[in-house]
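Asks: following is a predicted model, sequence given first.
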Amino acid sequence: MTSPARRRGRPPGKSGAELLTLARAVFLERGFAGSTMDEIAARAGISKTSLYREHPSKEGLFAAVVEHWTGAGRDAMRPALAELETTEDVREGLLAWARTLLAGVLSPTVVEMRRLITAEAARLPEVGATYLHQSWVRNISALATTLQVLQARGMLAISDPEAAAEQLTWLVVGAPLNARMLDATAASAITAESAIDLFLAAYRREVVQLDRGPA
């Protein structure tokens, strides 16, 4: 039986996913260079020995933080893609998807993490590669699959779904994301509507009305 003294004692420290979430908060607050394993261990309520046992270096901890974060958001766009695949109006379906994408990509946490990862990508290229492939490239591939579904339904005419998916993504988020990364108060002149209309001008399948002549 657990004694009252033990129940009233110091709560157990953080480990696993909880530790990674806490470490991410420290990295976002102080940047990679300004963060220390001492502070992370202290905030987690564990010893430095325990922290180094789980993550032998600050670089390794940072890599684990990025991998955990990208994994947690890996399928965030799946519901929006599922709805797009069943839309009866391709323009409205793409607009709904685009608004969901923009809300996610431009959220403060995502922008802050993107800044943090970009700042360290040259020194820790494997971390940048993790974010690129596990988040960005994966989402492009998922969108390409959805575009193929829309093509099979006769709504789009696309020869290279992967290229079209990347073009569509950048049409929607490129200018707004660039503005948000560099100036939090800046607004982009590119709207979701104009981006979708430009995409459809290139890839919408036109319905040909056959002239059957007089009845």
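Replies: Structure's in. What do you need?
Asks: give me the residues contacting the top helix by length along the chain.
Replies: In the chain, with assignment by DSSP state H, the single longest helix is helix 161-182. Outside helix 161-182, the residues that touch it by CB atoms under 8 Å, 6 or more residues apart in numbering are 94, 98, 101-102, 105-106, 111, 114-115, 139-141, 143-145, 147-148, 151, 156, 158, 186-190, 192, 195-196, 198-199, 203. Heads up, the C-betas are built off the backbone N, CA and C, glycines and all.
Asks: any idea which helix or strand comes after that helix?
Replies: helix 192-203 (DSSP states H and E).
Asks: show me what that next one is in contact with.
Replies: Counting by CB under 8 Å, 6+ apart, 90-91, 94-95, 98-99, 102, 156-158, 164, 167-168, 171-172 sit against helix 192-203.
Asks: one more pass at 10 Å, please.
Replies: Contact with helix 192-203 is made by 90-102, 147, 150-151, 155-159, 161, 164, 167-176, 190-191, 204, as judged by CB atoms under 10 Å, 6 or more residues apart in numbering.
Asks: go through it and flag the buried ones.
Replies: Within helix 192-203, the residues that count as buried by 16 or more other CB atoms under 10 Å are 192, 195-196, 199-200, 203.
Asks: try stretch 114-133
Replies: Neighbour count says stretch 114-133 has 114, 116-117, 120, 124, 127-128, 130-131 buried, by 16+ other CB under 10 Å.
Asks: okay, how far is it across that stretch, tip to tip?
Replies: End-to-end distance for stretch 114-133, by CA to CA, to the nearest Å: 14 Å.
Asks: mind checking the pLDDT average for that stretch?
Replies: Averaging pLDDT along stretch 114-133 gives 95.
Asks: before I go, just wanted to say thanks for your time.
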